[in-house]
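Q: no sequence on this one, just coordinates:
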């Protein structure tokens, strides 16, 4: 679709036309999904980002000023959502992942046997 047609759809969408926005989605949906999949590497998560990106674009279309192409603006939304997703994933891995020293619990807990001092145990005794 030529740029002026896309520009007309953007203007209509900014004036509240859901049909115009749906056409913008059709124009860019494959590229948005492909970008999200490249960035998050999980089809399920990429589909979540895809939906969230178009929802965010729909809610923000009136703020689109045309200083860049619509595609660039939309890809920036997708990229930011993917980066947010990656930060959340990294935070979860840091809190629960194998990166913790010795696999110890963060609260210092563990079984009673693991906390028992070796000096209290005698050969032949079992816990």
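A: That came through fine. What you are looking at is a predicted structure, and each value in this text was computed from that prediction instead of being measured.
Q: who does the lengthiest helix in the chain touch, helix- and strand-wise?
A: The longest helix of the chain (DSSP state H) is helix 70-96. If you count contacts as 3 or more C-beta pairs under 8 Å, 6 or more residues apart in numbering; DSSP states H and E, helix 70-96 packs onto helix 18-40, helix 43-60. Placement of C-beta: from N, CA and C, glycine included.
Q: Now with 10 Å, please.
A: Where contact means 3 or more C-beta pairs under 10 Å, 6 or more residues apart in numbering; DSSP states H and E, helix 70-96 is packed against helix 3-14, helix 18-40, helix 43-60.
Q: Any buried residues in the last one, and which?
A: Judged by neighbour count using 16 or more other C-beta atoms under 10 Å, the buried positions of helix 43-60 are 45-46, 49-50, 52-54, 57.
Q: again, but for the longest one
A: When neighbours are counted by 16+ other C-beta under 10 Å, the buried residues of helix 18-40 are found to be 20-21, 23-25, 27-28, 32-33, 35-37, 39-40.
Q: Now render those residues as TSV, adding pLDDT.
A: Listed next are the buried residues of helix 18-40 as TSV, based on pLDDT from 0 to 100:
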residue	pLDDT
20	96
21	97
23	96
24	97
25	96
27	96
28	97
32	98
33	97
35	97
36	97
37	96
39	95
40	94
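Q: worst-scoring helix or strand of this structure, pLDDT-wise?
A: Least confident helix or strand, the chain: helix 112-115 with a mean of 44, by mean pLDDT, DSSP states H and E.
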